[in-house]
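Asker: following is a predicted model, sequence given first.
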Amino acid sequence: MSFPSLEFNQKRWNRLLLNCYWAIFVLSILIEVLFLQISDLPKDEFIQMYILRPTILLAIVGLLAEGGIRWLPKHHDYVLISSVALFSIINTSIHVSLGYLLFFLFLPIMVSIFYFQLKKMLYAVVCTVIASVILFANGTSLRALDWVTIAFTMTLFTGIALGILVRGREVLMHLRSSYESNQELLVRTILMDKLAKTDALTETFNHMAYHEFMDHYVVQADNGRMKLHVAVLDIDNFKKVNDTYGHKAGDAVLKKVSSIIRSKVGSNDIVARYGGEEFAIIFAEKPFQEVFDTVEDIRDSVESTSHEAIQWQAVTISIGLHTYAPGMGKDALFVGADTALYEAKRSGKNRTVIAAAAPATL
């Protein structure tokens, strides 16, 4: 049984992270505009250095990230981490005098935590190291203490990220184990429920399942939301089959007859072995004429089918058919069908008899 992977909703999270990038981009422009009002630098110089240049560079990085997510779907996570690393380099190099902005260098590591994958976290660490080297190579005027702080903080962030990753993996393994256990339990429950409601010999529903379905259908029929009919079928002279050819041959006949019945009914109809050689069929949402034609088709098919177990002879069935009327109740419905079946037996067998309360016109 497979477990939902870490790729679940990953594209949506990447979209959210990229939206955050654009939000920070807009916020940085607003902050620079505010600083413009209090800066001692000439306005033209300030705008050129702190507004136009970083805005253009950050916009290019954002557009590249948008394109990478769209056209490199297999690598969109790495594209986003790389974009955040470029964002960090641009901001820290322009405002290097503001020491607290050095924490931007650790944004790639923070972003990589969202993916819970060691290789992406290591890639983010490499990006952070490269960003630091680029700042150093550009002659950034940082004190030795600042570089020590950067190295220490990067180690700290990496350790925290690794701890979160390990903890996330533990939680994932626990969830995986719970998920698989629940799925296995669900499958077992379904199988046990099916076995409890299925007749093993004929692969039809059993007596208990018939009554469960009927309880539900009767409620629908009483509310006028469903047409409901019941047919009770019985194999003629079945005791003679068992006495003459043995119970094993009788079982083979039962299996074959049930197979014919199941092949003729619709997907919404319920076939149940009511007891011994007797079957009940619940027909839902079908007009009476269609139901009558179906049971007659079943009867004709059974009569024309020979059975190897009884020396290629055929058996016949008798059928009683009853239509539900609101307020009748399931017991009265079955008694009506069973009474019609008795009449079919009494009047010569191998025929369908409609219960007195059923439509007289076919």
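Answerer: Received, thanks.
Asker: which of the residues in the helix or strand Arg273 falls within are buried?
Answerer: Element membership of Arg273 [criterion: DSSP states H and E] is strand 270-275. Within strand 270-275, the residues scored as buried using 16 or more other Cβ atoms under 10 Å are 270-274. From N, CA and C alone the C-beta is placed, and that goes for glycine too.
Asker: and what of stretch 203-220?
Answerer: Neighbour counts using 16+ other Cβ under 10 Å place 204-206, 209-211, 213-214, 217-218 of stretch 203-220 among the buried residues.
Asker: how about stretch 29-36?
Answerer: Going by neighbour count (16+ other Cβ under 10 Å), the buried part of stretch 29-36 is 29, 32.
Asker: other residues contacting it?
Answerer: With contact meaning Cβ atoms under 8 Å, 6 or more residues apart in numbering, stretch 29-36 is reached by 43, 46-47, 50-51, 54-55.
Asker: repeat that for 10 Å
Answerer: If you take Cβ atoms under 10 Å, 6 or more residues apart in numbering as the criterion, stretch 29-36 is touched by 39, 41, 43, 46-47, 49-52, 54-55, 58-59, 94-95.
Asker: and the closest residue to Met208 other than its chain neighbours, how far is that from Arg188?
Answerer: Excluding the flanking residues, the one nearest Met208 by Cβ to Cβ, 6 or more residues apart in numbering is Lys197, at 6.5 Å. Using Cβ to Cβ, to the nearest Å, we find Lys197 at a distance of 15 Å from Arg188.
Asker: the one helix or strand Tyr78 maps to: how far from the chain's middle?
Answerer: For Tyr78, the host element (DSSP H and E) is helix 76-94. Taking Cα atoms, centre = their mean, to the nearest Å, the mean C-alpha location of helix 76-94 is offset from the chain mean by 37 Å.
Asker: now do stretch 250-264
Answerer: Mean C-alpha position of stretch 250-264 versus that of the full chain (Cα atoms, centre = their mean) differs by 35 Å.
Asker: buried set for it?
Answerer: Buried residues in stretch 250-264, counted by 16+ other Cβ under 10 Å: 250, 252-254, 256-258, 260-262, 264.
Asker: kindly report the same for stretch 244-251.
Answerer: 245, 249-250.
Asker: for His307, which non-adjacent residue is closest in space?
Answerer: Among residues not flanking His307 along the chain, Val253 sits closest, at 5.4 Å (Cβ to Cβ, 6+ apart).
Asker: average pLDDT across the host helix or strand of that neighbour?
Answerer: Following DSSP H and E, one finds Val253 within helix 247-264. Mean pLDDT, computed over helix 247-264, is 96.
Asker: which one of Lys197 and Arg188 is surrounded by more residues?
Answerer: The neighbour count for Lys197 versus Arg188, taken as other Cβ atoms under 10 Å, is higher for Lys197 (17 against 10).
Asker: so that one makes contact with Glu203?
Answerer: No. Using Cβ atoms under 10 Å, Lys197 is not in contact with Glu203; the gap is 11.5 Å.
Asker: ok, back up a step: in contact with the residue nearest to Met208, which residues?
Answerer: Contact analysis of Lys197 by Cβ under 10 Å, 6+ apart lists 204-210, 212-213, 272.
Asker: identify the farthest-apart pair in those.
Answerer: Largest separation among those by Cβ to Cβ: Thr204 and Glu212, giving 13.9 Å.
Asker: before we move on, back to that, possible to save the contacts of Lys197 as TSV with pLDDT, secondary structure and distance to Arg176?
Answerer: Below are the contacts of Lys197 laid out as TSV (pLDDT from 0 to 100; DSSP: H, G, I helix; E, B strand; the rest coil; distance: Cβ to Cβ, whole Å):
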residue	pLDDT	secondary structure	distance to Arg176
Thr204	94	coil	39
Phe205	92	strand	36
Asn206	92	coil	37
His207	91	helix	41
Met208	90	helix	37
Ala209	91	helix	35
Tyr210	93	helix	40
Glu212	90	helix	35
Phe213	91	helix	37
Ala272	95	strand	40
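Asker: below-threshold pLDDT in the protein: ranges please.
Answerer: Counting by pLDDT under 70, the chain shows low-confidence ranges at 1-9, 95-103, 138-154, 189-191, 193-195, 357-362.
Asker: show me where it has its strands.
Answerer: For the chain, applying DSSP state E gives strands covering 228-235, 270-275, 278-284, 306-307, 313-314, 317-323, 352-354.
Asker: which elements pack onto the fourth one?
Answerer: Yep, that's strand 306-307 we're talking about. Strand 306-307 sits against helix 247-264, strand 313-314, with contacts defined as 3 or more Cβ pairs under 10 Å, 6 or more residues apart in numbering; DSSP states H and E.
Asker: which one of the ones you listed lies closest to Asn223?
Answerer: Evaluated with Cβ to Cβ, the helices and strands packed on strand 306-307 place helix 247-264 nearest to Asn223, the distance being 28.5 Å.
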